[in-house]
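Enquirer: how would this look folded up:
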Amino acid sequence: MSRLSIETYEAISQRLKLWTGIDLGSGKQALVESRLHWRLQELQIPDLSSYLKYVNSHPKEKQHFINSLTTNKTDWFREADHFKYLTDKILPTVKSTGPIQIWSAASSTGEEIYSLAICLAEHFGSLDRFRILGSDIDTECLERAQQGHYRRETVEAQVPKHLRLKYFETMGDECRIRPDLKSVLKLRPFNLVESDWPVNIQFDVIFLRNVLIYFKPQTVETVIHRLSRYLKPHGHLIIGASETLTTLQTPVRAVAGSVYKKAA
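Expert: Just a heads-up that it's a prediction; the model follows:
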């Protein structure tokens, strides 16, 4: 049975929602305890009620709090239909004089952005035709993405051999992204619920997959309206396969399952 009181759990949930838009809902006390346990030990704080007071009085602790409570499930070429739709349906219609711009707005530990980079490199036969921005609210995940080092066992299980040989360097138990592939990427910390977004370009495609399920509908609408400002006319937004925007008021329309398109 959880030792975390309902009052403290609700206070933590409210703080997380305020800072990230993530709605934990009810009954996640055990999850919160397990994810913050290591932080309590590191800071030598006796309980979560005391830790919450510490968070509220130490602004630098905010990022540790967020990193601990965000979910970062990801895989190589996750939801493969999206990559096929990108190459078969979207890319042939993009008219651009410069590199195609893609934003992975919840890139976690990097599997999505590197999967995208591999997909586009294979499609174009060149690294000059595209650029990818990867962002995430979890700074620890971004550090891992920047390193581009992954467990060999996982990469071998999820990435076809011919792509591993072409885009990875195997070193012991690790597979490392080759430097030339990393060169087409930029990574930066980014909070989707904050109003000041450090982006000054528009994108042909934005991936925001498996994030909206953690938001309340009003927050989803706000985020999608903001994202649409950074989509080019007729640009595409791709969300998670289990997510939908069809019941919400947004400036994009569904064109295929979880793929949406911005009006001109």
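
Enquirer: relative to residue 114, how far out is the nearest residue to residue 76 once chain neighbours are set aside?
Expert: Excluding its sequence neighbours, the residue lying closest to residue 76 (C-beta to C-beta, 6 or more residues apart in numbering) is residue 158, at 3.9 Å. Heads up, the C-betas are built off the backbone N, CA and C, glycines and all. Computed as C-beta to C-beta, to the nearest Å, the residue 158 to residue 114 distance reads 11 Å.

Enquirer: same deal with residue 108?
Expert: Counting by C-beta to C-beta, the separation of residue 108 from residue 114 is 11 Å.

Enquirer: any weak-confidence spans in the stretch 151-264 of the chain?
Expert: Low-confidence segments of the stretch 151-264 of the chain (pLDDT under 70): 264.

Enquirer: which stretches of it form helices?
Expert: All helices of the stretch 151-264 of the chain, identified by DSSP state H, counting those that start in this stretch, fall at 152-158, 161-167, 179-182, 217-228.

Enquirer: now distance to residue 258 and mean neighbour count too, for these, in a markdown table please.
Expert: Output for the helices of the stretch 151-264 of the chain, formatted as a markdown table (distance: least, C-beta to C-beta, whole Å; neighbours: other C-beta atoms under 10 Å):
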| stretch | distance to residue 258 | mean neighbour count |
| --- | --- | --- |
| helix 152-158 | 21 | 14 |
| helix 161-167 | 24 | 14 |
| helix 179-182 | 26 | 14 |
| helix 217-228 | 13 | 17 |
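
Enquirer: please name whichever of these is nearest to residue 129.
Expert: For residue 129, the closest of the helices of the stretch 151-264 of the chain is helix 179-182, at 13.4 Å, according to C-beta to C-beta.
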